[in-house]
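> my questions concern the predicted model and sequence given below.
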Amino acid sequence: QDGGEDGYDCLTPRAVPKNILTVGSVDDNRNLSDFSAFGPTDDGRIKPDVLANGEDVYSSIATSDHSYDSMNGTSMSAASATGSISLLLQLQQELQAGEILLSSTMKALLIHTADECGPAAGPDYQHGWVIMNIKEAADQMQLNYGNGGRNIYEGSLSDGESVNIPLDISVPSPHIKITICWTDPPGEASEPALNPVETKLINDLNLELIRPGIQQSVFPWVLDPENPDAPAIRGVNQRDNVEQIFLPNPEVGEYQLRISHSGSLYGGKQSYSLIVSGISAPADILPPRFLQFNSESNRVSLKWTSPEESQPEFYRIYRNGVFLAVSTDTLYTDGDVLTNNVYEYYVTAVYEREGDEIESLGTNAITAVPRTLQALPLIIDFEDGYSDMELKNSPFGWQWGESESLS
């Protein structure tokens, strides 16, 4: 009886948390499956998040090690979504080894690149943000890699702060699309009741697209849980920890994207993930690759590989998140270090385009701890412990000591 005759509000409890990815089902013709449950959640949030193929899916079954069958269900669509996400994570490591995306970034990316298929523009409570398009998501990652990280951004908003991000459209674009997602802190559980409507959103971030000189801003999509059949409109979203702005056929010019928040932020700040498409950006701002290091008691030596298919003007070296130095070569030695201190480094490439300096994404980050060199052979009794020796796990296997050359 919860959903009534129209079928809304019939998701199971495990499908409605804020920070998970809830996957509904469509058939090969992109029709919503009759077993795919509708939102909204009791507090009016958009669920499901996305859809994937869940009908007549040829898959392995448990009868034997070589058994297959065609099956239906959101268990099939959720599984295909999971495999697709694994491939995107693999692509991320090929593009930026060692740089791990936030879960909110992957969720934002999937929602941002989903194909429209509902009855009206924007999300709805039957289809969510609609059908996953993994090819489009991969293309967005490749585009971001090649233009200095202007399409996929992970940031943090402090209590009382707002962030303004300039967006440029220098050539005609079919649309601007902007998606923000964040992992929201847990809300208070409601007392047992039918359809408790208290909001579960704790940190309420807001998006606003501003065109200088134009009074009217563009706001995100908003749905009305009291009228779940109604199409999405634009307004201030105070329920979801995913928001999206879509502006078709934007005029050429400069825009400002404002990220702010309502009320106070639990914990004093909130990390967020932002996806942007439709803006003008170069496509050959490639980052350096394969940052490595060697450390001694009084220095850390860095080396890296130049970007593929592009030639930067110079490189910027960052230490502990702060700009350290410039190098025109793919080598740099930091001699201003202290023994047993921890230093994290990454390197970016800087290009000149039409008189402007444009900085690429960073390399993989490395952590160095300069130590006094030990004479060999070095014999250690690990049963008694040895504070100056560390075995560390890395993507390249087990390594001994602080030098990438040791194994």
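The structure has been received and is ready for your questions. This one's a predicted model, so the numbers in the text were calculated from it and none came from an experiment.
> which one's the longest helix in this structure?
As assigned by DSSP state H, the longest helix anywhere in the chain is helix 74-95.
> how distant is it from the center of its chain?
14 Å (C-alpha atoms, centre = their mean, to the nearest Å).
> quick one: low-confidence parts of this protein?
For the chain, applying pLDDT under 70 flags the ranges 1-2, 373-376, 378, 382, 384-407.
> quick one: the helices in it?
Under DSSP H, the chain gives helices at 74-95, 103-112, 134-146.
> now render the ones you listed as TSV, adding distance to Arg299 and mean neighbour count.
Every residue, glycine included, has its C-beta placed from N, CA and C. Listed next are these as TSV, based on distance: least, C-beta to C-beta, whole Å; neighbours: other C-beta atoms under 10 Å:
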stretch	distance to Arg299	mean neighbour count
helix 74-95	30	16
helix 103-112	35	23
helix 134-146	31	18
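> closest to Ile176 out of these?
helix 103-112 (11.8 Å; C-beta to C-beta).
> same for that closest one, what does it pack against?
Other elements packing on helix 103-112 under the criterion 3 or more C-beta pairs under 8 Å, 6 or more residues apart in numbering; DSSP states H and E are helix 74-95, helix 134-146, strand 152-158, strand 175-181, strand 242-248, strand 269-277.
> which one of the ones you listed lies closest to Ser327?
helix 134-146 (21.7 Å).
> ok, the residue most central in space within the chain - contacts?
In the chain, the residue lying closest to the centroid (C-alpha atoms, centre = their mean) is Thr105, at 1.5 Å. Neighbouring residues of Thr105 by C-beta atoms under 8 Å, 6 or more residues apart in numbering: Ile152, Glu154, Cys181, Ser273, Ile275.
> how far away is it from Ile111?
11 Å (C-beta to C-beta, to the nearest Å).
> any common contacting residues for those two?
Joint contacts of Thr105 and Ile111 (C-beta under 8 Å, 6+ apart) are Cys181.
> residues near the closest residue to Gly321 other than its chain neighbours, how many?
Distances taken as C-beta to C-beta, 6 or more residues apart in numbering place Glu344 nearest to Gly321, at 7.3 Å, with adjacent residues excluded. For Glu344, the neighbour count with other C-beta atoms under 10 Å is 12.
> beta-bridge partners for Glu344, please?
Beta bridges link Glu344 to Thr367, judged by DSSP bridges.
> do Thr333 as well
Ser301.
> thinking again about what came up before, if I look at the residue nearest to the centre of the chain, how far off is Ile275?
On the measure of C-beta to C-beta, Thr105 and Ile275 end up 8 Å apart.
> overlap in contacts, those two.
With C-beta under 8 Å, 6+ apart as the test, Thr105 and Ile275 both reach Ile152.
> I'd say His112 and Gln244 touch.
Yes: using C-beta atoms under 8 Å, His112 is in contact with Gln244, at 7.2 Å.
> burial measure for Leu11, as a count.
Using other C-beta under 10 Å, Leu11 is surrounded by 21 other residues.
> can you tell me the closest non-neighbouring residue to it?
Per C-beta to C-beta, 6+ apart, closest to Leu11 is Ala37, 4.8 Å.
> need the contact list for that neighbour.
Cys10, Leu11, Thr12, Ala15, Gly24, Pro48, Thr74.
> next, format the residues you listed as TSV and append distance to Asp159.
Listed next are the contacts of Ala37 as TSV, based on distance: C-beta to C-beta, whole Å:
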residue	distance to Asp159
Cys10	37
Leu11	32
Thr12	35
Ala15	32
Gly24	35
Pro48	32
Thr74	38
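> among these, which lie within strands?
Among the contacts of Ala37, the ones falling in strands (DSSP state E) are Gly24.
> buried subset of the contacts of Ala37?
Neighbour-count burial (16 or more other C-beta atoms under 10 Å) applied to these gives Leu11, Ala15, Gly24, Pro48, Thr74.
> ok, the last one to Asp43 distance?
Separation of Thr74 from Asp43 (C-beta to C-beta): 22 Å.
> that older thread, what is the nearest of the contacts of Ala37 to Pro250?
Closest to Pro250, out of all of the contacts of Ala37 and judged by C-beta to C-beta, is Pro48, at 29.1 Å.
> is that closest one in contact with Ala15, as I believe?
Yes: shown here, Pro48 and Ala15 form a contact pair, counting by C-beta under 8 Å, at 7.2 Å.
> between these two, which contacts overlap?
Thr22, Ala37.
> excluding chain neighbours, what is closest to Thr365?
Not Thr; residue 365 is Ala. Tyr346 (4.6 Å).
> tell me how far the one you found lies from Phe290.
12 Å.
> which one's more surrounded, the two?
Tyr346 (22 against 14).
> now do the more buried one against Ser271, distance only.
The value you get for Tyr346 to Ser271, if C-beta to C-beta is used, is 19 Å.
> same question, Glu226
32 Å.
> so between the two, which is more surrounded?
Ser271 (15 against 9).
> and the closest residue to the more buried one other than its chain neighbours, what does it touch?
Of all residues not flanking Ser271 in the chain, Ser156 sits nearest, at 4.8 Å (C-beta to C-beta, 6+ apart). By C-beta under 8 Å, 6+ apart, Ser156 lies in contact with Lys269, Gln270, Ser271, Tyr272.
> I'm done for today, thanks for sticking with me.
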